[in-house]
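>>> Have a look at this prediction, sequence included:
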Amino acid sequence: MSEPAGLQGSTLPVLEKPPREEGPGGATGPADHRYWSARRVPAAIVAALLLVVAAAFLYDVVAVRAHRSAMAWRDGLARQLAERPLDDIWVLVGAGVAAALGLWLIVLAVTPGLRDILPMRRAHPDVRAGLHRDAAALVLRDRAMEVAGVQSVRVRAGRRRADVRALAHFRDLDDVHADLDAVLTDAIRGLGLVRPLALSVRVRRPGKKG
């Protein structure tokens with residue numbers, strides 16, 4: 001990412017008050033795991049498709065029960081399913097698409113999502129907090145800019161690691177690197193994350209202009 005310009009509405013820490021969970025031996029205690037996405041868009045798409053398909057089949061069944069002819073698309077579909085062999089290319093393509101969609105839904109169901117939110121340690125058992133990765137990167141960048149000799153810094157905060165790229169316009173590069181390591185290690189500890197980010201720091205001189 002480029003240098004963060006500031007905290008936006010989506011980069012503020014996330015707070016929620018979850019129900020207390022039963023721990024081992026019946027004790028109550030929170031579990032600090034990743035936040036789960038509500039998956040509203042995929043759920044809405046699946047629900048809409050199921051509604052359309054169910055409504056079409058229901059309308060056709062009611063029409064047949066009312067002694068009307070079945071709709072042409074259902075007759076054609078039934079004929080194609082009855083006549084085409086299982087190794088037909090279109091049958092295989094349709095099966096592949098259906099399998100891919102099913103696998104996609106399973107992946108959505110068993111993975112948390114919300115990869116941009118880093119879970120934080122709980123200071124209170126009834127309150128759970130999360131820090132947006134851009135906010136973490138901004139904090140680390142501000143701390144890095146306090147180190148003497150640092151001209152500019154780019155920070156990319158991932159789920160497990162913070163990559164820091166700094167330009168030093170004076171002082172020895174090894175000294176700047178050592179100071180950045182110390183300052184940023186302390187800054188990461190101060191973020192209060194459940195899993196502190198591993199730190200990767202690179203320092204170089206600015207390129208010559210012209």
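Structure's in. What do you need?

>>> packing partners for the helix ranked longest in the chain?
The helix spanning the most residues in the chain, taking DSSP state H as the definition, is helix 40-65. Using 3 or more CB pairs under 8 Å, 6 or more residues apart in numbering; DSSP states H and E, the elements in contact with helix 40-65 are helix 89-110. C-beta coordinates here come from the backbone N, C-alpha and C atoms, glycine included.

>>> so where's the chain uncertain?
Under the criterion pLDDT under 70, the flagged ranges of the chain are 1-32, 209-210.

>>> How is the residue located most distally from the centre of it assigned, secondary-structure-wise?
Distance from the C-alpha centroid of the chain peaks at H67, with 52.1 Å (CA atoms, centre = their mean). Secondary structure for H67, judged by DSSP: H, G, I helix; E, B strand; the rest coil, is coil.

>>> what's the answer for A166, then?
Per three-state DSSP, A166 ends up strand.

>>> where's it relative to A47, distance?
49 Å (CB to CB, to the nearest Å).

>>> What are the phi and psi values at R161?
With angles defined as degrees, to the nearest 10, R161 sits at phi -150, psi 150.

>>> To clarify, my last question referred to A148.
With angles defined as degrees, to the nearest 10, A148 sits at phi -60, psi 130.

>>> need the contact list for R115.
Neighbouring residues of R115 by CB atoms under 8 Å, 6 or more residues apart in numbering: R34, R159.

>>> which SS class is it?
coil.

>>> what do you get for the one 4 residues further on?
Reducing the assignment at P119 to three states with three-state DSSP gives strand.
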